[in-house]
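**Q** Structure for the following, please:
(one chain, ligands or ions: 1)
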Amino acid sequence: MSASNSPIDLAKLVAARRAVDFVESGMRVGLGTGSTAAHMVRELGRRVREEGLEIVGVPTSTATARLAEELGIPLTTLNEAGSLDVTIDGADEFDDTLTLIKGGGGALLQEKIVAAASERMIVIADAGKHVGTLGAFPLPVEVLEFGMQSTRRHIAALLDEADVSGREAVFRERDGARFVTDEGNHILDLHLGRIGDARRLATALNTVPGVVENGLFIDLCDTVIIGHSDGRVEIGDLASGAFTEEHGTGEEGENLFRDIAG
Ligand SMILES: O=C[C@H](O)[C@H](O)[C@H](O)COP(=O)(O)O
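**A** As a prediction, the model looks like this:
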């Protein structure tokens, strides 16, 4: 079974398709980055082509911009759009307060700016990303190349005082070279194990000279749509403080699985 029709990918697809139901003609939509967001962008593209959905998208990475362009989704910049009606994006981890870790794909900076400019942020994810305590996923921190070793030392010193259980800080690599973000910066992945106080940590990290942004998204996500590989969807909403389940039959998941598997 390839990654594109694995149970996890199916769960991502289910969540992504449900999220697109929240998009209406006339909306300015932030387009997230990553494998889950890519499903959402494809579904939006289908609705634009087949249903005449009229939206304008603001992509959060060059990869998403490329995909959206290929699919015929009209795009603009955040500066042009001003503010957005909704952003739909993936996440690497989220907890019951809808605090997120993002940046596994290195797009956290644009993602956070776009989410902050949006009336509503909807996160789409497979159920495995719902955690009791954040931190098993390494926390990405985007840093300037200039003085990056000094920046790492300052972060290490800060972590000594933080309420976390691990303290390793590793510069991300890809294909044997240092990973470079769309903004030309690098990513320091913090292996923290458990983050006791996300708000305090996020504030502290952003005071370090050389830190551009960190991957903790706090008070940004309004709704999380959790996909399960049998087609079930849970929707967690910050306003109601509850997680509710939809599509209990599993039939949709089986149909989707047949679609993907061909
Ligand atoms: O930088 C990447 C983003 O924050 C992604 O949304 C996040 O890593 C989740 O990606 P995926 O949907 O591929 O698991």
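**Q** which element is Ala187 on?
**A** Small correction: residue 187 is Ile, not Ala. Ile187 belongs to strand 186-191 when assigned by DSSP states H and E.
**Q** tell me which residues in the helix or strand just after that strand are buried?
**A** Where DSSP H and E defines the elements, the next helix or strand beyond strand 186-191 is helix 198-205. Within helix 198-205, the residues scored as buried using 16 or more other Cβ atoms under 10 Å are Ala198, Leu201, Ala202, Ala204, Leu205. For the C-beta atoms, the positions are set from N, CA and C on the backbone; glycine is no exception.
**Q** Please give me every residue in contact with the first one.
**A** By Cβ atoms under 8 Å, 6 or more residues apart in numbering, Ala198 lies in contact with Thr99, Leu134, Leu216, Ile218.
**Q** Dig out what the closest residue to the second one other than its chain neighbours forms beta bridges with.
**A** I take that to be Leu134. Once flanking residues are discounted, Leu134 sits nearest to Ile195: 4.6 Å by Cβ to Cβ, 6 or more residues apart in numbering. Counting by DSSP bridges, Ile195 forms beta bridges with Val164.
**Q** can you tell me how far Ile195 sits from Ala125?
**A** Between Ile195 and Ala125 the distance is 18 Å, computed by Cβ to Cβ, to the nearest Å.
**Q** do Leu134 as well
**A** Separation of Leu134 from Ala125 (Cβ to Cβ) stands at 13 Å.
**Q** Thr223 now?
**A** From Thr223 to Ala125 the distance is 11 Å (Cβ to Cβ).
**Q** Same drill for those two, tell me which one is more crowded.
**A** More crowded of Thr223 and Ala125, by other Cβ atoms under 10 Å: Ala125, with 25 against 20.
**Q** what packs against the helix or strand harbouring the more buried one?
**A** In the assignment (DSSP H and E), Ala125 maps to strand 118-126. In terms of contacts (3 or more Cβ pairs under 8 Å, 6 or more residues apart in numbering; DSSP states H and E), strand 118-126 is packed against helix 7-20, helix 35-51, strand 84-89, strand 223-227.
**Q** residue contacts, the closest residue in space to Leu67 that isn't next to it in sequence?
**A** Nearest non-adjacent residue to Leu67, counting by Cβ to Cβ, 6+ apart: Val41, 5.3 Å away. By Cβ under 8 Å, 6+ apart, Val41 lies in contact with Leu31, Gly57, Thr64, Leu67, Ala68, Leu71, Ile73.
**Q** Thank you, goodbye.
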